[in-house]
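Engineer: coordinates only, sequence not included:
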């Protein structure tokens with residue numbers, strides 16, 4: 001009887017022969033060796049160490065922190081842009097409504113007038129004496145105004161004229177509208193025929209000053225013909241640069257022709273430079289009356 005010799009595999013690593021049993025034991029240890037090799041890194045001088053160093057860990061934390069800060073900044077900027085866009089849409093609708101009123105009546109709406117039986121009779125709202133309910137002003141023809149008279153960044157606030165809660169915008173009473181009782185030669189709002197260029201005169205804008213939100217826009221310089229009110233009254237009719245952040249902080253302004261433009265903070269000082277109050281970011285959009293009507297009339 002002949003017996004065949006069992007062929008054994010040659011160990012490719014050591015060059016020695018191994019049995020099936022030793023081969024199985026070596027293969028079963030292979031995954032563990034691979035995992036261990038993955039976790040071990042080479043240190044200085046060929047020494048082995050496991051995990052991250054303190055410097056590497058701090059670097060990762062700093063990078064993650066910077067990414068999170070950038071994400072927060074981008075989110076805030078997107079939110080600010082969305083609010084400003086809604087504000088611009090409101091102002092555009094205000095300008096269109098005012099333009100239709102003016103073309104129909106032949107003159108711009110009153111800023112405020114003394115009307116028998118009314119505590120307040122203003123361009124946006126009016127209220128009868130002794131009543132609590134605010135009614136739409138004459139410019140609206142008796143229809144509701146919705147949220148377009150409220151700047152989206154003025155939620156929860158009220159104006160400084162009788163505490164009306166739907167507010168945020170002011171109306172050009174320096175040249176277009178008229179606040180009855182103000183010192184000036186003219187006694188009524190501007191006639192439509194007297195306006196030369198509707199694209200050069202501001203109509204509505206983000207209103208505000210140190211005393212809160214206002215609804216009567218003024219120009220920085222007194223005008224005996226149109227608005228000769230004292231400096232304190234004119235400074236109460238400034239604009240609020242409430243939108244945006246940092247270098248992009250701005251107010252939105254609607255012109256008579258309906259287009260809307262954003263104005264960044266024009267000054268960094270108060271007083272003669274045009275600011276009413278640096279802390280509340282309010283002021284005029286220029287040092288003269290050109291945008292308010294001096295050139296466009």
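Structural biologist: It's in. Keep in mind the model is a prediction, meaning the values are calculated, not measured.
Engineer: Residue 164 and residue 134 touch, don't they?
Structural biologist: Yes - in this structure, residue 164 is within contact of residue 134 by CB atoms under 8 Å, at 6.1 Å. Bear in mind the C-beta positions are built from the backbone N, C-alpha and C, glycine included.
Engineer: any shared contact partners between the two?
Structural biologist: residue 125 (CB atoms under 8 Å, 6 or more residues apart in numbering).
Engineer: tally of neighbours for residue 53?
Structural biologist: Residue 53 sits with 11 neighbouring residues when counted by other CB atoms under 10 Å.
Engineer: residues contacting it?
Structural biologist: No contacts exist for residue 53 under CB under 8 Å, 6+ apart.
Engineer: And it, how close does it get to residue 60?
Structural biologist: Taking CB to CB, to the nearest Å as the measure, residue 53 falls 11 Å from residue 60.
Engineer: Distance of residue 288 relative to residue 297?
Structural biologist: Distance from residue 288 to residue 297, counting by CB to CB: 14 Å.
Engineer: of the two, who's got more company?
Structural biologist: Counted by other CB under 10 Å, residue 288 and residue 297 do not tie: residue 297 has more neighbours, with 17 against 13.
Engineer: quick one: that one from residue 170, how far?
Structural biologist: Residue 297 is 19 Å from residue 170, where distance means CB to CB.
Engineer: Ok, residue 231 next?
Structural biologist: As for residue 231, its distance to residue 170 is 17 Å (criterion: CB to CB).
Engineer: Neighbours of residue 105, how many?
Structural biologist: A count of nearby residues for residue 105, using other CB under 10 Å, gives 14.
Engineer: cool, residue 234 as well?
Structural biologist: 22.
Engineer: Checking the residue lying closest to residue 225 once chain neighbours are set aside next. Helix, strand or coil?
Structural biologist: Distances taken as CB to CB, 6 or more residues apart in numbering place residue 185 nearest to residue 225, at 4.8 Å, with adjacent residues excluded. At residue 185 the chain is in coil, as set by DSSP: H, G, I helix; E, B strand; the rest coil.
Engineer: Residue 185 contacts residue 227, correct?
Structural biologist: No - between residue 185 and residue 227 there is no contact under CB under 8 Å: 10.2 Å.
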